[in-house]
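*Asks:* generate coordinates for the sequence data below:
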Amino acid sequence: MIKPLGHTNLFRLAIQKVKQSGIPLVDFYVSVRESELADIAFDQRVNVFGRSAESSAAESDVGTMYEWYNLMPYEYVMLINPCLPFLKSSTIKKFYDKFLTGDMSSLFAVTKRKEYFWNEEGSMVTPWPEGQELLNTKAVGVTYEAAHALYGSPMEIIGEGKFMGDFSKGNPELFPLSEEEAFDVDYPWQFEMARAKYEMQML
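*Replies:* Purely as a prediction, here's the structure:
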């Protein structure tokens, strides 16, 4: 998160994009425990929620991981993954506006795919296109992949151990974005690819 990326880093870049998006900064918080991240947030003059040790260590207990859910005066929350160097400020604002003004209770960013998929038993789960004899991605129907980018959820269900709903049809509603914007840095090789592309765009 703080490794050099051009003249910035992933964490600072994410904060700056939120600030550039035009969403109200009075309602924007970074939830961190590490002092290095808190220092960047204070330098950027944004609100900081100090995570507890229990929250940082939680892996599956949603209520513990998102401990702020009953400590802030909001009915809904929008989360932004800061590991997306190519997510645009305008996309953050579009997601915010749609979630704020729409009639859905939850909203989830995804990428559109036209691809074939199999389950762990080796059975194809993608419906075979009618009239096709070969694997042809142009003919296959659209599926959506989790972008791990932007999330909108009611606060109250976090206390029930849920986030964004029950994942039945339409819950959460899907918000498509480009594969480039959804490029998620989880591993060193992904960071190196992102840094090369980001620094080339700066030239």
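*Asks:* packing partners of the longest strand belonging to the chain?
*Replies:* Secondary structure of the chain per DSSP state E: the longest strand is strand 143-154. If contacts are counted by 3 or more CB pairs under 8 Å, 6 or more residues apart in numbering; DSSP states H and E, strand 143-154 sits against strand 76-80, helix 89-101, strand 107-113, strand 173-176. C-beta coordinates here come from the backbone N, C-alpha and C atoms, glycine included.
*Asks:* rounded mean pLDDT for it, please.
*Replies:* Across strand 143-154, pLDDT averages out at 96.
*Asks:* and what of stretch 161-180?
*Replies:* Per-residue pLDDT values over stretch 161-180 give a mean of 92.
*Asks:* quick check: buried residues in that stretch?
*Replies:* If you call a residue buried by 16 or more other CB atoms under 10 Å, then stretch 161-180 has these buried ones: 162-165, 172-173, 175, 177.
*Asks:* redo these as JSON lines? Include distance to residue 200.
*Replies:* Shown next, in JSON lines, are those (distance: CB to CB, whole Å):
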{"residue": "162", "distance to residue 200": "41"}
{"residue": "163", "distance to residue 200": "36"}
{"residue": "164", "distance to residue 200": "35"}
{"residue": "165", "distance to residue 200": "39"}
{"residue": "172", "distance to residue 200": "35"}
{"residue": "173", "distance to residue 200": "35"}
{"residue": "175", "distance to residue 200": "28"}
{"residue": "177", "distance to residue 200": "22"}
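*Asks:* can you list the helices and strands packed on strand 143-154 in CSV and add distance to residue 23?
*Replies:* Output for the helices and strands packed on strand 143-154, formatted as CSV (distance: least, CB to CB, whole Å):
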stretch, distance to residue 23
strand 76-80, 8
helix 89-101, 5
strand 107-113, 14
strand 173-176, 15
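*Asks:* which non-adjacent residue is nearest the residue nearest the centre of the chain?
*Replies:* Centroid-nearest residue in the chain: residue 149, 1.8 Å away (criterion: CA atoms, centre = their mean). Spatial nearest neighbour of residue 149, chain neighbours left out: residue 109 (4.2 Å); criterion: CB to CB, 6 or more residues apart in numbering.
*Asks:* residue 70 is in contact with residue 160, isn't it?
*Replies:* No. Assessed by CB atoms under 8 Å, residue 70 is found out of contact with residue 160, at 11.6 Å.
*Asks:* OK, contacts around the residue nearest to the centre of the chain?
*Replies:* 80-81, 84, 87, 109, 177, 181-182, 184 (CB atoms under 8 Å, 6 or more residues apart in numbering).
*Asks:* output the lowest mean pLDDT helix or strand found in this protein.
*Replies:* Least confident helix or strand of the chain, by mean pLDDT, DSSP states H and E, is helix 53-57 with a mean of 87.
*Asks:* of all the residues in the helix or strand following that one, which ones are buried?
*Replies:* Downstream of helix 53-57, the first helix or strand assigned by DSSP states H and E is helix 62-65. Residues of helix 62-65 classed as buried under the neighbour-count rule (16+ other CB under 10 Å) are 62-63, 65.
*Asks:* kindly report the same for stretch 46-53.
*Replies:* Along stretch 46-53, these residues count as buried under the neighbour rule (16+ other CB under 10 Å): 46, 48-49, 51.
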